[in-house]
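Participant: here's a sequence, model it:
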Amino acid sequence: MTTLTAPTSGRLAGTGVLLRFALRRDRTLITLWTAVNALMVLSMPNTLKGLYGTAAERADLLKQTAANSSLRALVGPVFDDSLGALTAWRVGVYAGALAAVTSLLVVVRHTREEEESGRQELIASGMVGRRASLTSALLTAAVANAALALLVTAGLAGHGASGAPALGLGLAAVGMLFATTAAIAAQLTESARLARGLTAAVLGAAFVLRAAGDSATDDGSSVLTWLSPLGWLENLRPFADERWWVLTLFAAAIAVQGAVAYALAGRRDVGMSFLPALPGPAAGRLGSAGALAWRLHRGSVLGWSLAFFLAGVVYGGMTESAADLVGDNERTREIFERMGGQAAITDSFLAAMVGMLGLVASLYIVSSVLRLHGEETSGRAEPVLANAVGRLRWAAGHLIVAFGGAALIMLLAALGFAAGYGKDLGPLLAAALVQLPAVWVVGGLTVLLHGAAPRLAPAAWGIAGAVLLIGWIGPALNVPQAVLELSPFGHLPKLPGGAVHWPPVLVLLAVATLSTAGGLAALRRRDLTT
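Facilitator: Here you go, the predicted model:
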């Protein structure tokens, strides 16, 4: 019996239309995340020039990095003392990780999320090829990564004719590698959330492998480093006798993963997956809306909890060497003081690192609150609400996990700091928990957007991105205090070591409470979104 197969052109029919639609739909997300990433990279040379303005200071930094395994685990080894090489060292790993996150969000949104919502079935009923959606999703990610590469290359061109394109291409390559990883995850899993979680787990494993390898060696030669795509990025060595052949590793991995994703896409029906979710019990542990919400969120909560605890251990282990790293560098000391207060340098370092984790926790709470939006738009909320479950009770189950989960991960971060630093838990616990009012403000604004303007709910990622940008890059760029206070985190006391001023904390708690209540009131009165 002869099997009839469509020609390649037929399988890709409609790709151009879907690509234009995806770019239009994601124009805000791509523009915002790419701009934040590029700005983070391009702001570093001037910042580093202020920190390490002389050749002697840069040479001393290289010696300190070679001797400090905790610092290498955090940002990797440094291969040259030029401003370009220091920029690649300082932000290369994090810019690559951010490019990976952008890519996985784009690919999953236009593959598995479209199938989960039922829109893909409608699209497939038209003149659209079987692999057009996957192709357009990967091309959309390619456009985002190409834009990042061009911005980085153009912005750093003055620091090295070959180093700038090497760093730009390296960041784009990391993004595309995880785009194809997300494409595979979208074929394997049954939900967009699982696809994002699986890809994020691979990214986390890549970061851990690189950190473990870099802590063992000071030249990026560890086997563990070479097992990580983020390790490939640092071993590309932009601005330090570039190893262009490393790009062939990225090209090969992207080609192999892309081929696997296309093969899997051609062997399943729309809406199906190779790893279907197991059916759960209809009673018992799922006998309430809160229990259902916990079951939906528990994987995410456990993953974030582990990540925050490990991050606390790493940052805590670096605290003893913070004073040596800063030394007599007044500019570095000033940055730590703007982020962590005017206390002793170790307290300022701890406050700055806890504050950074608080900023990252805002991403967790946005993701968790938007699970409400996903449940509603996918149609899964309607059968739940058709029973004896009110909207407020249904939403409360998710929000308890979201807001309570934020408290849990910050608590575990404090435990990690205490384990890594070896000091009393009390001050560290206070420093971690004081971040919660600002985190909850971001969560409350997300609830308000979902309740009052559900179509604008994904814009909450923009709020989280702006908070990250202000808190992470603002102190290094010496922006005015008024700009820093545009973020709720700019009003928090700097603990440990600083004085506690309760009025700003209470105001933030009031804002979080009122915005959450307003969002729930709006949700109760409007029609469900489909």
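
Participant: when you work out contacts or count neighbours from here on, use the C-alpha atoms and nothing else.
Facilitator: Will do.

Participant: the bottom helix or strand of the protein by mean pLDDT?
Facilitator: Scoring the helices and strands of the chain by mean pLDDT, DSSP states H and E places helix 330-340 at the bottom, with a mean of 54.

Participant: next SSE after the helix or strand encompassing Phe349?
Facilitator: With elements delineated by DSSP states H and E, Phe349 resides in helix 345-377, which encompasses its position. Sequence-wise, the next helix or strand beyond helix 345-377 is helix 381-385, with elements assigned using DSSP H and E.

Participant: for whichever helix or strand comes after that next one, enumerate the helices and strands it packs against.
Facilitator: Reading on from helix 381-385 to the C-terminus, the next helix or strand found by DSSP H and E is helix 391-421. Using 3 or more C-alpha pairs under 8 Å, 6 or more residues apart in numbering; DSSP states H and E as the contact criterion, the secondary-structure elements in contact with helix 391-421 are helix 289-318, helix 345-377, helix 425-433, helix 436-452, helix 502-525.

Participant: who wins for proximity to Ala388 among those?
Facilitator: When the helices and strands packed on helix 391-421 are ranked by proximity to Ala388, the top entry is helix 289-318, at 10.2 Å, counting by C-alpha to C-alpha.

Participant: show me what contacts Gly168?
Facilitator: By C-alpha atoms under 8 Å, 6 or more residues apart in numbering, the contact list for Gly168 reads 148-153.

Participant: mind putting those residues into TSV with distance to Ala85, pLDDT and neighbour count?
Facilitator: Converted to TSV, those look like this (distance: C-alpha to C-alpha, whole Å; pLDDT from 0 to 100; neighbours: other C-alpha atoms under 10 Å):
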residue	distance to Ala85	pLDDT	neighbour count
Leu148	18	94	28
Ala149	17	94	24
Leu150	18	95	17
Leu151	17	94	22
Val152	14	93	25
Thr153	14	93	24
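
Participant: tabulate these in TSV, adding columns for secondary structure.
Facilitator: Formatted as TSV, the contacts of Gly168 follow (DSSP: H, G, I helix; E, B strand; the rest coil):
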residue	secondary structure
Leu148	helix
Ala149	helix
Leu150	helix
Leu151	helix
Val152	helix
Thr153	helix
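
Participant: between those, which is closest to Gly379?
Facilitator: For the contacts of Gly168, with Gly379 as the reference and C-alpha to C-alpha as the criterion, the closest is Leu148, at 35.5 Å.

Participant: wait, that closest one sits on Thr34?
Facilitator: Yes. With contact taken as C-alpha atoms under 8 Å, Leu148 and Thr34 are classed as touching, separated by 5.9 Å.

Participant: need the residues that contact the helix or strand Thr28 falls within.
Facilitator: In this assignment (DSSP H and E), Thr28 forms part of helix 27-42. Residues from elsewhere that reach helix 27-42 (C-alpha under 8 Å, 6+ apart): 87, 91-92, 95, 98-99, 102, 144-145, 147-148, 151-152, 155-156, 462, 465, 469, 473.

Participant: among those, which are in helices?
Facilitator: Filtering the contacts of helix 27-42 for membership in helices, criterion DSSP state H, returns 87, 91-92, 95, 98-99, 102, 144-145, 147-148, 151-152, 155, 462, 465, 469, 473.

Participant: which of those are buried, as a PyMOL select command?
Facilitator: Isolation of the buried members of the ones in helices among the contacts of helix 27-42 (16 or more other C-alpha atoms under 10 Å) is achieved in PyMOL through the command below:
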select buried, resi 87+91+92+95+98+99+102+144+145+147+148+151+152+155+465+469+473
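
Participant: give me the contacts around stretch 398-412.
Facilitator: By C-alpha under 8 Å, 6+ apart, stretch 398-412 touches 290, 293-294, 297, 301, 304-305, 308-309, 312, 357-358, 361, 364-365, 368-369, 371-372, 429, 432-433, 436, 439-440, 443.

Participant: please, where are all the helices along the stretch 151-300 of the chain?
Facilitator: Listed in chain order, the helices of the stretch 151-300 of the chain (DSSP state H, counting those that start in this stretch) span 163-188, 192-216, 223-226, 229-235, 246-265, 289-318.

Participant: and Phe21, which of those is closest to it?
Facilitator: helix 163-188 (18.3 Å).

Participant: work out the gap between that closest one and the centre of the chain.
Facilitator: In terms of C-alpha atoms, centre = their mean, to the nearest Å, the gap separating the centre of helix 163-188 from the centre of its chain is 14 Å.

Participant: circling back to that earlier point, let's have the helices and strands packed on helix 391-421 in a markdown table, adding mean pLDDT, mean neighbour count and distance to Ala261.
Facilitator: Compiled in a markdown table, the helices and strands packed on helix 391-421 are given as follows (pLDDT from 0 to 100; neighbours: other C-alpha atoms under 10 Å; distance: least, C-alpha to C-alpha, whole Å):
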| stretch | mean pLDDT | mean neighbour count | distance to Ala261 |
| --- | --- | --- | --- |
| helix 289-318 | 83 | 19 | 24 |
| helix 345-377 | 85 | 23 | 24 |
| helix 425-433 | 87 | 20 | 41 |
| helix 436-452 | 93 | 27 | 33 |
| helix 502-525 | 92 | 18 | 38 |
